[in-house]
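[1] Sequence first, then the predicted structure:
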Amino acid sequence: MTDTVSNGGAFPPGLLVSAPASGTGKTTVMLGLLRALSDDGLTVQPFKSGPDYIDPAFHRAATGRASFNLDTWAMGEALFATIAAQACGTDICVAEGSMGLFDGVATRGRSGFGSSAETARRMAWPVVLVLDVGGQAQSAAATALGFARYDEGLPFAGVILNRVASPRHERLTRLGMERAGLPVLGALPRRGDLTLPERHLGLVQAVEHPDLDAAIAGYAAFLRAHVDLSAIRAAARGTAAGGAGSLPKPPAQRIALAQDAAFSFTYPHLLEGWRAAGAEILPFSPLGDEPPDPSADLVWLPGGYPELHAGRLSAAARFRDGLRRHAETRPVHGECGGYMALGQVLIDKDGVRHEMAGLLGLVTSYEKRKFHLGYRRAVLRAPMPGQTAGAALRGHEFHYSTILEQPDEALADVADADGNPVPETGSRRGHVTGTFFHLIAGEDT
C-alpha cells in the first residue's frame, strides 16, 4: 500500500459516515466501507471530521492512502479547502464523523462550531447515518427522522441499521423507516466479534492491532453481505470546497520526528505540508533507544502513549543523551505525550515514578486520572518552532494526565473553545518548548 495523495484532476463525489452518538459502530462501518470500495477498484480518499489522530491511521490501513482531518472550528476556509483538495483525482471521498452528527462546541471558531454536520454541509456530502437499533424497532425511525430533518440544508443519504437482532427485528425496523420515508442502505446483524480494541483515549493505535488487515477484510466482507454498496455509491455527491491555499509550512528544514508506539499522534495535514515545502522528515524511535539524527535542525516529539512505555523510555539512555545534546544548541518541541517525555518525571497509573528527559521541569501523573478534552486557542508568549511570539494557534487537547509541577515559564496563554483560560499553558526552557495541545493550525492559515 502507498501513502501518497493526488491533487490533480477533478474533485470526486463523497459521503460522510456519522451516527447519533459515539459507540454506535460507525468506525467499524467506515473501515469496512473503505476497504469494500477499494476492493471494487475505486481510489478512495478518506477523511476524518474533527480533531482525531487515531482514526486516520485506521483509514490509511483500509485504503492505502493518507487520511486527513477537516475541522470547521480550528481551520480557516482556505486551509479547509486545501486539505479537501487532496481528494482531487480520486474516485470517491468517504469521511468519518466525530461523536454525534451535530455535536460541536458552543462558540464559533474559524468557520463553524466543529460539528460533523458542518463538514458534510460545507462539502455537500450526503450523510450515511449508522443507527444502533438495539432495544427498539419502529421507534428507531423517529430518531433517524429527527437527524434527517434537524438541519434542512444538510444532504441525507439514508441509514445503516446496526446491531439488528433477528429477521423480524429488521423487518419491523424497516417498516418504521419506510413510513418515515428514509432509505435503508443496509442492516447489519448483531455480532460481538466486530469490535475494535479500546483503551483510555479510544481505539488502540492501528500499529498495535494484532492483525489489523485481516480485521478490516472481515469488516468489508460483513458490509458487502449486508449493505447495498451500489446504493451507497450512487448516493455520493459533493462539490469542491472552493479556492485552495497552502498547507502549514514546516518549522525547520530537517525535522527529527519521533515515531513509534509511544509517539505517533501527528496530524497528517501537517506532515503533508512539511513534505510539500521540501522539509526532510527524519524518523527515529525513542522506544528503540534511538537518538535523533544529529544533523537535524529540530526534534519534534508528538503525542501518543508514553505512560504505557514509561519504564522503557526512562531506560533509553542513548535517546535521552542524544536529545539533551541536541537541546544544547537547537530547538526541541513536544506535544502532549511528547511534552511529558521532555519533563522531569512521569508517574504511571500504579504510582511508580519514571525519570524522563529532564529538559523541562514538568512532573505529570496518571495515578489520579483526570480527563482533559477540548479545543484550545493559544497565544504564544514566546516563540516555538515555526511560530513567532504573539502568534495565535488553534489545537486540541485530549489526555488523562495531571500536572503536579510546572516550574518553567509558560509558553502561551491558552483558552478553551469558549475563551475560558485553562491551566495547561505549555512550558519553555532554553531551546525546549512543549504544549499539552496538539497543533492543528495557526490563525494565519
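    Now that the structure is in, tell me what you want to look at. Residues are numbered from 1 along each chain as shown.
[2] Any regions of this protein where pLDDT drops low?
    Low-confidence segments of the chain (pLDDT under 70): 1-8, 192-209, 241-244, 445.
[3] one more time with 50, if that's ok
    When residues are selected by pLDDT under 50, those of the chain lie in 1-7.
[4] Can you show me the strands along the stretch 51-200 of the chain?
    For the stretch 51-200 of the chain, the strands defined by DSSP state E, counting those that start in this stretch occupy 68-70, 92-96, 127-132, 156-164, 184-189, 198-199.
[5] typo on my end, the stretch 301-445 of the chain
    303-304, 332-335, 345-347, 353-355, 363-365, 372-380, 392-399, 402-405, 409-410, 412-415, 427-429, 432-435, 438-442.
[6] for those strands, which one sits closest to residue 156?
    Residue 156 lies closest to strand 372-380 among the strands of the stretch 301-445 of the chain, at 26.8 Å (C-beta to C-beta). For glycine as for every other residue, the C-beta is placed from the backbone atoms N, C-alpha and C.
[7] In terms of secondary structure, what does that closest one contact?
    Judged by 3 or more C-beta pairs under 8 Å, 6 or more residues apart in numbering; DSSP states H and E, strand 372-380 is in contact with strand 392-399, strand 412-415.
[8] looking at those, which is buried most?
    Most buried of the helices and strands packed on strand 372-380, by mean neighbour count (mean count of other C-beta atoms under 10 Å): strand 392-399, with a mean of 22.
[9] Quick check: residue 438 touching residue 394?
    No: with contact defined as C-beta atoms under 8 Å, residue 438 does not count as touching residue 394 (10.2 Å).
[10] thinking again about what came up before, quick one: which of the strands of the stretch 51-200 of the chain is nearest residue 332?
    strand 68-70 (25.0 Å).
[11] what does the closest one contact?
    With C-beta atoms under 8 Å, 6 or more residues apart in numbering as the contact definition, strand 68-70 has outside contacts at 5, 46-53, 56, 80, 83-84, 86, 95, 119, 122-123, 267-269, 272, 440.
[12] now do stretch 375-391
    Applying C-beta under 8 Å, 6+ apart, the external contacts of stretch 375-391 come out as 51, 73-74, 105, 109, 114, 248-252, 298, 300, 331, 333, 392-397, 409-417, 419, 422, 426, 428, 433, 435, 437, 442-444.
[13] can you pull the contacts of the residue lying closest to residue 429 once chain neighbours are set aside?
    In this structure, residue 429 finds its nearest non-sequential neighbour in residue 408, 4.6 Å apart by C-beta to C-beta, 6 or more residues apart in numbering. Listed by C-beta under 8 Å, 6+ apart, the contact partners of residue 408 are 360, 361, 362, 427, 428, 429.
[14] The fourth one - how many residues pack around it?
    Residue crowding around residue 427 was assessed by other C-beta atoms under 10 Å; the count is 26.
[15] That one reaches residue 409, doesn't it?
    Yes: taking contacts as C-beta under 8 Å, residue 427 lies within contact range of residue 409: 7.0 Å.
[16] distance between the ends of stretch 255-273?
    13 Å (C-alpha to C-alpha, to the nearest Å).
[17] and if you look at stretch 305-312?
    12 Å.
[18] buried sites along it?
    305, 306, 307, 308, 309, 310, 312 (16 or more other C-beta atoms under 10 Å).
[19] ok, so of those, who is nearest residue 282?
    Out of those, the member with the shortest distance to residue 282 (by C-beta to C-beta) is residue 306, at 20.1 Å.
[20] Chain neighbours aside, what residue packs nearest to that closest one?
    The nearest residue in space to residue 306 (C-beta to C-beta, 6+ apart) is residue 337, at 4.5 Å.
[21] which residues does residue 374 contact?
    By C-beta under 8 Å, 6+ apart, the neighbours of residue 374 are 105, 396, 397, 416, 417.
[22] That should have said residue 59, apologies.
    30, 31, 34, 46, 47, 48, 65, 67, 96 are the contacts of residue 59 under C-beta under 8 Å, 6+ apart.
[23] Is it possible to get TSV of these that adds neighbour count and distance to residue 171?
    Formatted as TSV, those follow (neighbours: other C-beta atoms under 10 Å; distance: C-beta to C-beta, whole Å):
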residue	neighbour count	distance to residue 171
30	27	26
31	28	28
34	31	29
46	27	33
47	26	35
48	26	34
65	23	38
67	26	36
96	28	29
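[24] Make JSON lines out of these and add distance to residue 384.
    JSON lines is the format used below for those (distance: C-beta to C-beta, whole Å):
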{"residue": "30", "distance to residue 384": "34"}
{"residue": "31", "distance to residue 384": "35"}
{"residue": "34", "distance to residue 384": "35"}
{"residue": "46", "distance to residue 384": "30"}
{"residue": "47", "distance to residue 384": "28"}
{"residue": "48", "distance to residue 384": "25"}
{"residue": "65", "distance to residue 384": "31"}
{"residue": "67", "distance to residue 384": "26"}
{"residue": "96", "distance to residue 384": "30"}
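[25] So residue 346 versus residue 331, what's the distance?
    22 Å (C-beta to C-beta, to the nearest Å).
[26] higher neighbour count, the two?
    When neighbours are counted by other C-beta under 10 Å, residue 346 and residue 331 differ, and residue 346 comes out ahead with 25 against 21.
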